[in-house]
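Asks: Build me a model from this:
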Amino acid sequence: QGRNFSNKIWNSFRLIKGWEIDENLEQPAEAKIAIEWFHSRFSKELEVLNDHYSKFRLSDALMTTYKLVWDDFCSWYLEMVKPAYQQPIDRATLDFTVEILEKLLKILHPFTPFITEEIWDNMGERTKEDRMIVAPWPKAESVNDKLLTGFENAEKAIMEIRRIRNEKQIAPKEKLNLLVK
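Replies: Next up is the predicted model:
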């Protein structure tokens, strides 16, 4: 499991690093919403993580970090902001994605110090004084609970659609009409 998780972290870094930037591209509205959602999600989970550390619940801290990275960042956020196949990404979305990856590396560092330090070094020019181990811990910021609740509802709907598609053996590329009651 640890190997798969480390591989997931590394692959998310490679995905982001491989995006081509179009400086003239406007930031899509859905990317703005995804960024606002992840900003709130990160801040909310960072408060939980800090609480786990203050009570020396390292196993709970690890699970909180794991779910934030695997589920929220890799499975949802990156899927929401990544550009279409062989298309460039806008500068604002890429900059925030790099910023959030750096914050995630900081909270991952106590559990995976070697891979986080390696990715940290590969993200840009770093000095000896700018090591991951001495980087400041992220701070929780404002949380938009309404946005988080709305996303949870959308997430449940998407997961249920995927479950039904799988159950009925309907290909993911086949279009369906969706009615919401």
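Asks: where's the residue nearest the centre of the chain relative to Glu141, distance?
Replies: Central residue of the chain (CA atoms, centre = their mean): Phe73, 1.7 Å from the mean position. Taking CB to CB, to the nearest Å as the measure, Phe73 falls 16 Å from Glu141. All C-beta atoms are positioned from the backbone trio N, CA, C, and that covers glycine.
Asks: now for the host helix or strand of Ala154, which elements pack on it?
Replies: Assigned by DSSP states H and E, Ala154 belongs to helix 145-167. Applying 3 or more CB pairs under 8 Å, 6 or more residues apart in numbering; DSSP states H and E, we find helix 145-167 packed against helix 29-54.
Asks: Give me the helices and strands touching the helix it packs on, please.
Replies: helix 58-67, helix 78-81, helix 91-108, helix 145-167.
Asks: buried set for that helix?
Replies: 31, 34-35, 37-46, 49-50, 52-53 (16 or more other CB atoms under 10 Å).
Asks: which residues touch Asn122?
Replies: 13, 17 (CB atoms under 8 Å, 6 or more residues apart in numbering).
Asks: again, but for Met123
Replies: 13, 17, 98, 101-102.
Asks: Endpoints of stretch 75-87, how far apart?
Replies: 20 Å (CA to CA, to the nearest Å).
Asks: Also stretch 6-26?
Replies: End residues of stretch 6-26 are separated by 33 Å (CA to CA).
Asks: Quick one: distance of it to the chain centre.
Replies: In terms of CA atoms, centre = their mean, to the nearest Å, the centre of stretch 6-26 is set 12 Å apart from its chain centre.
Asks: Give me the contact list for it.
Replies: Contacts of stretch 6-26 (CB under 8 Å, 6+ apart): 69-70, 73-74, 78, 82-83, 88-91, 94, 97-98, 101, 108, 112, 115-116, 119, 122-123.
Asks: Buried residues of it, list them for me.
Replies: Quick answer for stretch 6-26 (16+ other CB under 10 Å): 6, 8-9, 12-13, 16, 19, 25.
Asks: what sits against Thr116?
Replies: Per CB under 8 Å, 6+ apart, neighbours of Thr116: 9, 105-106, 108-109, 132.
Asks: Which member of those residues is positioned nearest Met159?
Replies: Nearest to Met159 out of those is Ile9 (CB to CB; 23.1 Å).
Asks: for the residue nearest to Asp72 when sequence neighbours are not counted, what are its contacts?
Replies: Spatial nearest neighbour of Asp72, chain neighbours left out: Arg41 (5.4 Å); criterion: CB to CB, 6 or more residues apart in numbering. Counting by CB under 8 Å, 6+ apart, Arg41 makes contact with 68, 72, 148, 151.
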